[in-house]
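J.: Sequence first, then the predicted structure:
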Amino acid sequence: MSYTVLARKYRSRTFDDIVGQEAIATTLKNAVTRGRVHHGYLFTGTRGVGKTSMARILAKALNCLASDAPTPAPCGECELCVAVAEGRDIDVIEIDAASNTGVDNIRELRSNTIYRPARARYKVYIIDEVHMLSQGAFNALLKTLEEPPDHVKFIFATTEPQRVPATIQSRCQRFDFRSIGVDRIAAHLEQILAAEGVRAEQAVVRRIARLANGSMRDALSLLDQLLSLGADPLRVELIDEILPTPHDELLAELVDRLADGDPAGALVALDRSLSEGHSLEQFCGSLIDYLRELMVIRVCGPKTELVDVPAPVRERLAGQAERFDPTSFTYMITVVEELRRSVRFSGAGRTLTEAALIRLASMERFSDVEAILAAPGSLPRR
């Protein structure tokens with residue numbers, strides 16, 4: 001019997017199973033209950049946060065054969081629910097826009113919408129990565145999306161909503177799926193480990209949750225990789241060579257070295273980041289985001305809602321932020337942003353990055369020009 005990966009085995013089957021997107025699930029449940037289901041939805045968010053799972057659950061809610069009408073609690077056992085969950089139902093059509101980008105594909109879709117579903121109440125089109133459609137394909141979809149037949153529903157999913165034309169978005173109800181917090185991912189992983197009968201140290205679960213970067217699917221894939229080791233329990237010592245150090249830990253170490261004025265330590269932290277597989281451009285982008293969190297906490301206080309991080313991480317960020325004055329962050333972010341633009345086209349990207357880190361680690365040796373000019377007797381007399 002073939003093995004089913006955890007991401008498929010523990011995929012959400014009902015609205016109540018969805019992790020981290022409870023507000024969206026509640027809204028869609030109420031829409032089904034009150035008969036106010038829109039003809040078009042746009043689900044946006046990073047990979048692995050539940051967009052396609054939510055689309056399938058909504059399709060089952062509309063068409064479950066165990067109910068005489070759309071229901072917010074599909075049975076999950078009837079022939080249609082099983083087929084939708086496996087992505088093979090004839091009335092719930094899943095299309096990968098990345099491989100069906102042309103206008104001819106959408107014209108074929110439009111011509112098929114006039115036919116009523118074979119056995120379901122609604123014919124549901126789930127178009128994944130919809131931003132990959134060509135401009136001609138979007139134009140061909142407009143009229144059908146604006147005035148679809150009563151028996152047709154569209155659900156679009158995308159990781160890049162900015163690439164979806166405004167004319168398409170205005171004809172849909174948009175739901176933004178948020179990245180899932182580390183605590184929520186860790187709690188879900190613990191439930192899965194209990195169901196699989198595998199023990200794991202808490203540090204292992206937290207490591208996986210942080211490496212997932214808000215994606216439940218990535219977390220389950222990492223857990224699958226560890227379970228293949230056959231170890232029980234899963235210990236930190238065993239996985240140190242399998243899983244990389246979370247990038248936020250590397251960035252925290254790097255910022256500490258900058259605060260210490262330790263350029264050698266900063267270069268070692270950079271080398272560790274690159275050896276984990278991060279590109280220079282990714283490194284710069286992550287560092288900018290990290291510095292932004294420090295800057296906001298330094299200016300607005302450690303309890304600010306402008307930074308969305310768990311309490312333990314917030315405490316660490318608050319301690320680091322106090323090591324710099326607010327103007328230092330504006331300088332560092334400017335330097336790193338200029339670096340990010342440069343490394344994209346430079347053949348000496350690593351050298352430029354190392355030079356920038358040495359520059360940032362030596363900030364204490366630089367003097368602010370305005371402070372020098374404001375100091376009494378700062379300018380020599382003629």
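T.: Alright, I've got the coordinates.
J.: Only alpha carbons, please: show stretch 63-82 as CSV.
T.: Output of stretch 63-82 as CSV, limited to C-alpha atoms (Å, rounded to 0.1, in the frame of the first residue of the first chain):
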residue,chain,number,x,y,z
ASN,A,63,-22.6,20.2,-3.1
CYS,A,64,-22.6,17.5,-0.3
LEU,A,65,-25.0,14.8,-1.3
ALA,A,66,-25.8,13.9,2.3
SER,A,67,-27.7,17.2,2.7
ASP,A,68,-30.8,18.4,0.8
ALA,A,69,-29.2,21.9,0.5
PRO,A,70,-25.8,23.6,0.9
THR,A,71,-24.5,22.9,4.4
PRO,A,72,-21.7,24.4,6.5
ALA,A,73,-20.9,20.9,7.7
PRO,A,74,-20.3,18.6,4.7
CYS,A,75,-20.3,14.9,5.6
GLY,A,76,-16.9,14.1,4.0
GLU,A,77,-18.1,10.6,3.4
CYS,A,78,-20.5,10.7,0.4
GLU,A,79,-19.2,10.0,-3.1
LEU,A,80,-19.0,13.7,-4.0
CYS,A,81,-17.2,14.8,-0.8
VAL,A,82,-14.6,12.0,-1.3
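J.: Check which residues of the helix or strand hosting Val336 are buried.
T.: When secondary structure is defined by DSSP states H and E, Val336 falls within helix 326-343. For helix 326-343, the neighbour count (16 or more other C-beta atoms under 10 Å) marks Ser328, Phe329, Tyr331, Met332, Ile333, Val335, Val336, Leu339, Arg340, Ser342, Val343 as buried. C-beta coordinates here come from the backbone N, C-alpha and C atoms, glycine included.
J.: what inclination does the very next helix or strand once past it have with respect to helix 326-343?
T.: Downstream of helix 326-343, the next assigned helix or strand under DSSP H and E is helix 349-361. Relative orientation of helix 349-361 versus helix 326-343 (axes from the mean of the first three to the mean of the last three C-alpha atoms, to 10 degrees): 170 degrees.
J.: Run the chain-centre distance for helix 349-361.
T.: The chain centroid and the centroid of helix 349-361 are separated by 29 Å under C-alpha atoms, centre = their mean, to the nearest Å.
J.: Stretch 128-143 too?
T.: Between the mean C-alpha point of stretch 128-143 and the mean C-alpha point of its chain there is a distance of 23 Å (C-alpha atoms, centre = their mean).
J.: for stretch 297-307, same thing?
T.: Its chain's average C-alpha position is 22 Å from that of stretch 297-307, according to C-alpha atoms, centre = their mean.
J.: Check stretch 217-224 too.
T.: Its chain's C-alpha centre lies 14 Å from the corresponding centre of stretch 217-224 when counted by C-alpha atoms, centre = their mean.
J.: cool, stretch 161-181 as well?
T.: With C-alpha atoms, centre = their mean as the basis, the distance from the averaged C-alpha position of stretch 161-181 to the chain average is 14 Å.
J.: just to revisit the earlier point, any idea of the mean pLDDT for the helix holding Val336?
T.: Per-residue confidence for helix 326-343 averages out to 93 on the pLDDT scale.
J.: following whichever strand or helix holds Ile95, which helix or strand comes up?
T.: Secondary structure assigned from DSSP H and E places Ile95 in strand 92-96. Once the chain leaves strand 92-96, the next helix or strand it forms, by DSSP H and E, is helix 103-112.
J.: and that next one, what other elements does it pack with?
T.: helix 135-146 (3 or more C-beta pairs under 8 Å, 6 or more residues apart in numbering; DSSP states H and E).
J.: Summarise which helices and strands the helix it packs on is packed against.
T.: helix 103-112, helix 166-169.
J.: one more time with 6 Å
T.: Judged by 3 or more C-beta pairs under 6 Å, 6 or more residues apart in numbering; DSSP states H and E, the packing partners of helix 135-146 are helix 103-112.
J.: The helix it packs on to strand 92-96, inter-axis angle?
T.: Put simply, helix 103-112 runs at 170 degrees to strand 92-96, going by the same axes, to 10 degrees.
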